[in-house]
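**Student:** When you get a sec, could you give me coordinates for this:
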Amino acid sequence: NSKTERLFGYARHEMIGQPVEMLMPPRFRSDHTGLRQSFLQDPRPRPMGVGLELFARRKDGSEFPVEISLSPLKTEEGVLVTSVVRDITERKEAEERIRALNAELETRVSQRTAELERSNEDLQQFAYVASHDLKEPLRTVTSYAQLLEQRYRNQLSPEAADILEYIVDGVRRMNALLDDLLGYSRTIG
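**Tutor:** Reported below is the predicted structural model:
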């Protein structure tokens, strides 16, 4: 038909009476005769080459990927086989673009994951150092507050004792916040 003429580049009269193998790359021709005989022993509609990469060959020698389906028709003269050949070049190119995009996406995800891991490690290290460095002045405040309480306990007014207790309680809360910060940094690391 005219579509076959356009697809393969042959005029109708060049194909009539020729073996179908003329439309195949030479590397597949020798096996095709046996495959054709096998099909004719059990003729039924089916896609050809399921799971295989099939190629056709144009008159100019160029090859292109195809999908082929076969449909037998029993007649008084014997079995005729109708074949539908689809050029799947665009689909194959789209699949290749999808594979390339997926590979690029996987690379990007790996890079981002590595960046996040480094960032989390940096954050964990910062939180550890900040927690440790901030606890030192708190220990100093606590030590001096306890020293004041021990030395001047009997001399402190109730109001001064309350203020000292507020100082110690504030330091305790700040220590707890720093411990929480350090614990949080470990969970994200």
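
**Student:** which helices and strands sit right next to the helix or strand encompassing Ala103?
**Tutor:** Using DSSP states H and E, Ala103 sits within helix 89-152. Helices and strands touching helix 89-152, as assessed by 3 or more C-beta pairs under 8 Å, 6 or more residues apart in numbering; DSSP states H and E, comprise strand 63-75, helix 158-188. All C-beta spots, glycine's among them, are computed from the backbone N, C-alpha and C.

**Student:** Which one of these lies nearest to Gln125?
**Tutor:** Closest of the helices and strands packed on helix 89-152 to Gln125 is helix 158-188, at 8.3 Å (criterion: C-beta to C-beta).

**Student:** Only the buried residues of stretch 176-189, if you could.
**Tutor:** Within stretch 176-189, the residues that count as buried by 16 or more other C-beta atoms under 10 Å are 178, 181-182, 185.

**Student:** Take those residues and lay them out in TSV including pLDDT.
**Tutor:** Converted to TSV, these look like this (pLDDT from 0 to 100):
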residue	pLDDT
Leu178	86
Leu181	80
Leu182	79
Ser185	72
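
**Student:** how about low-confidence regions in the protein?
**Tutor:** 48-51, 188-189 (pLDDT under 70).
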